[in-house]
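K.L.:
Mind folding the following:
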Amino acid sequence: MKNVLKWPSFMFVLILSLVLSGCGASGGSGGNTEAKGTIEQIKERGKLIAGVKYDTKLFGLKDPASGEVEGFDIDIAKALAKQILGDETKVELKEVTSKTRIPMLQNGDIDLIIATMTITDERKEQVDFSDVYFEAGQSLLVKNDSTITGLESLSGVKVLAVKGSTSAQNIREKAPSAEVLEYDNYQDAFTALKAGKGEALTTDNIILIGMQQTDNNYKLVGGNFTSEPYGMAIRKGDTAFVEEVNSLLKSMKDSGEYDTLHEKWLGSKPE
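P.N.:
Predicted coordinates for the structure are as follows:
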């Protein structure tokens, strides 16, 4: 009989402990259910983290002597830091490549991508984009004495491109008989071109112009055979940050700051 009387007491204690522990568990996780937006994270952190290129002259190039990264994209990142935090120096520049930039954004390693990134429908499935901040077009870079004049000259030719770029996709579509070799970044691709591993290098015209400026033994041929509108990439669904970035672009254009940066890095004011 004693065992029978003790059983309800035991069950009561067990149920009570389960209820209390359940309340504690839900209370511990309930305070952080909503993810913070990028702007709030930047303000709490005290700096903007921008994914930029380190190997793209005119847009984002790291000086091996000083360690400084400079270019058009870099100055836009600084302007965004100034708008959000009031100080253009409160920005950390992390290197990205065409292949690594979207994964780094999605993983939270960077706040946004400012890295000569073409807006495409395919990429819109993975990220959100700002308004267009630069219009480029794909072209070809060859040696000055090359007989290549454009897409029609690429049959059987080794053409160098960068992994993860729209340029690699485009050249396969527009010159299907060319042999496309892909490299991790622009610096490696240009080094391969100079070493004779290919007869042409393809990417956006403004990037090729930056390469040509470092070595006048090369020329651009074939004109622009695509349209490459650049946008800044932001994590999918972060509408507030997209609006913040678009607000920056508008204010830069209205104030003339955008024209000044365009002329500083690209040699002329935008058309």
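K.L.:
When you work out contacts or count neighbours from here on, use the C-alpha atoms and nothing else.
P.N.:
OK.
K.L.:
which parts of stretch 53-68 are buried?
P.N.:
Neighbour-count burial for stretch 53-68 flags Lys53, Tyr54, Asp55, Thr56, Lys57, Leu58, Phe59, Gly60, Leu61, Lys62 (criterion: 16 or more other Cα atoms under 10 Å).
K.L.:
now swap in stretch 146-165 and tell me
P.N.:
Result for stretch 146-165 [16+ other Cα under 10 Å]: buried residues 148, 150-151, 154, 157-165.
K.L.:
swap in stretch 36-49?
P.N.:
Using 16+ other Cα under 10 Å as the test for burial, stretch 36-49 gives Thr38, Ile39, Ile42, Lys47, Leu48, Ile49.
K.L.:
Check stretch 70-82 too.
P.N.:
Neighbour-count burial for stretch 70-82 flags 70-82 (criterion: 16+ other Cα under 10 Å).
K.L.:
do stretch 178-189 as well
P.N.:
By neighbour count with 16+ other Cα under 10 Å, stretch 178-189 contains the buried residues Ala178, Glu179, Val180, Leu181, Glu182, Asp184, Asn185, Tyr186, Gln187, Asp188, Ala189.
K.L.:
Quick check: phi and psi on Asp128?
P.N.:
Torsion angles at Asp128 (phi, psi; degrees, to the nearest 10) stand at phi -100, psi 150.
K.L.:
gap between it and Tyr183?
P.N.:
When Cα to Cα, to the nearest Å is applied, the distance between Asp128 and Tyr183 equals 26 Å.
K.L.:
For the buried residues of stretch 53-68, please prepare CSV with the additional fields distance to Asp87.
P.N.:
As requested, the buried residues of stretch 53-68 are arranged in CSV below (distance: Cα to Cα, whole Å):
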residue, distance to Asp87
Lys53, 22
Tyr54, 22
Asp55, 26
Thr56, 25
Lys57, 25
Leu58, 23
Phe59, 21
Gly60, 20
Leu61, 22
Lys62, 22
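K.L.:
mind listing which of these are in strands?
P.N.:
If you go by DSSP state E, these have Asp55, Thr56, Gly60, Leu61, Lys62 in strands.
K.L.:
Just the closest of those to Tyr133, please.
P.N.:
Nearest to Tyr133 among these is Gly60, at 14.9 Å by Cα to Cα.
K.L.:
Go ahead and confirm that closest one touches Tyr54.
P.N.:
Yes - under the criterion of Cα atoms under 8 Å, Gly60 makes contact with Tyr54 at 5.2 Å.
K.L.:
Bridged to the spatially most central residue of the chain, which residues?
P.N.:
Centroid check for the chain by Cα atoms, centre = their mean gives Ile113 as the closest residue, at 3.3 Å. Here Ile113 sits in beta bridges with Gly51, Ala233, going by DSSP bridges.
K.L.:
Now for it: which residues touch it?
P.N.:
Residues near Ile113 by Cα atoms under 8 Å, 6 or more residues apart in numbering: Ala50, Gly51, Val52, Arg101, Ile102, Leu105, Met232, Ala233, Ile234.
K.L.:
ok, so of the residues you listed, who is nearest Glu88?
P.N.:
Nearest member of those to Glu88, counting by Cα to Cα, is Ala50, at 12.3 Å.
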